[in-house]
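Student: dropping a prediction and its sequence here:
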Amino acid sequence: MVNILFVCLGNICRSPMAEAIMRQLINKEGLEKDINVDSAGTGDWHVGKQPHEGTRNILDLHNISYKGQRARQLAKADLTSYDYIIGMDTENVGNIRRLAGFQPSGRIQRILDYIEDYPIADVPDPYYTGNFEEVYEMVYKSCQSLLKEIKEEHKL
């Protein structure tokens, strides 16, 4: 089983969006028995809450389920439980690495690292920008590329 964890700041906008998108892509490919996906936040402000209304709206628009998703905080145990730990921005990745004690732990990367030659490095936080459609497009493309890489690497 390949385990993927998406991480953002509060786990109500970007990372649950990535989790829902990736889950749909995995299900379309019939790989739900081979790949597990989850999300978490580096902060604890929203623990237990459902995704942000803007995230829910954009996922509804694209017929992507977020059923059962609730915000949770990243835990040290996650660092050894997940093969891919994907941060939405440089700050998230730094917080993940700090929690890991800067020791190698899974594959910690930014999500936009999976789109070749993308003009920016960080997915903007729509909690502050309100631009959920732009974030959706970035995250969707990144998830497609990540899934392709996982399938090749793990021969799925």
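Tutor: Thanks, I have it. Numbering: from 1, shown residues only.
Student: and stretch 23-32, how far out from the chain's middle?
Tutor: 15 Å (C-alpha atoms, centre = their mean, to the nearest Å).
Student: how long is it end to end?
Tutor: Using C-alpha to C-alpha, to the nearest Å, one end of stretch 23-32 lies 8 Å from the other.
Student: which residues touch it?
Tutor: Residues outside stretch 23-32 that contact it (C-beta atoms under 8 Å, 6 or more residues apart in numbering) are 35, 37, 64-65, 143-144, 147, 151, 156. In short, each C-beta sits where N, CA and C put it, glycine included.
Student: could you dump those residues into CSV and include distance to Gln50, secondary structure and pLDDT?
Tutor: Below are the contacts of stretch 23-32 laid out as CSV (distance: C-beta to C-beta, whole Å; DSSP: H, G, I helix; E, B strand; the rest coil; pLDDT from 0 to 100):
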residue, distance to Gln50, secondary structure, pLDDT
Ile35, 23, strand, 98
Val37, 17, strand, 98
Ile64, 14, coil, 98
Ser65, 12, coil, 98
Cys143, 20, helix, 98
Gln144, 25, helix, 98
Leu147, 25, helix, 98
Lys151, 30, helix, 98
Leu156, 30, coil, 96
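Student: and of those, the nearest to Gly10?
Tutor: Using C-beta to C-beta, the shortest approach to Gly10 within the contacts of stretch 23-32 belongs to Val37, at 18.4 Å.
Student: wait, that closest one sits on Phe6?
Tutor: Yes. Assessed by C-beta atoms under 8 Å, Val37 is found in contact with Phe6 at 7.3 Å.
Student: which one of these two has more residues nearby?
Tutor: Phe6 (31 against 24; other C-beta atoms under 10 Å).
Student: give me phi/psi at the more buried one?
Tutor: Dihedral angles of Phe6 (phi, psi; degrees, to the nearest 10) stand at phi -100, psi 140.
Student: which SS state does the residue sitting furthest away from the middle of the chain fall under?
Tutor: What lies farthest from the middle of the chain is Lys155; by C-alpha atoms, centre = their mean that is 21.8 Å. Recorded secondary structure, Lys155: coil (DSSP: H, G, I helix; E, B strand; the rest coil).
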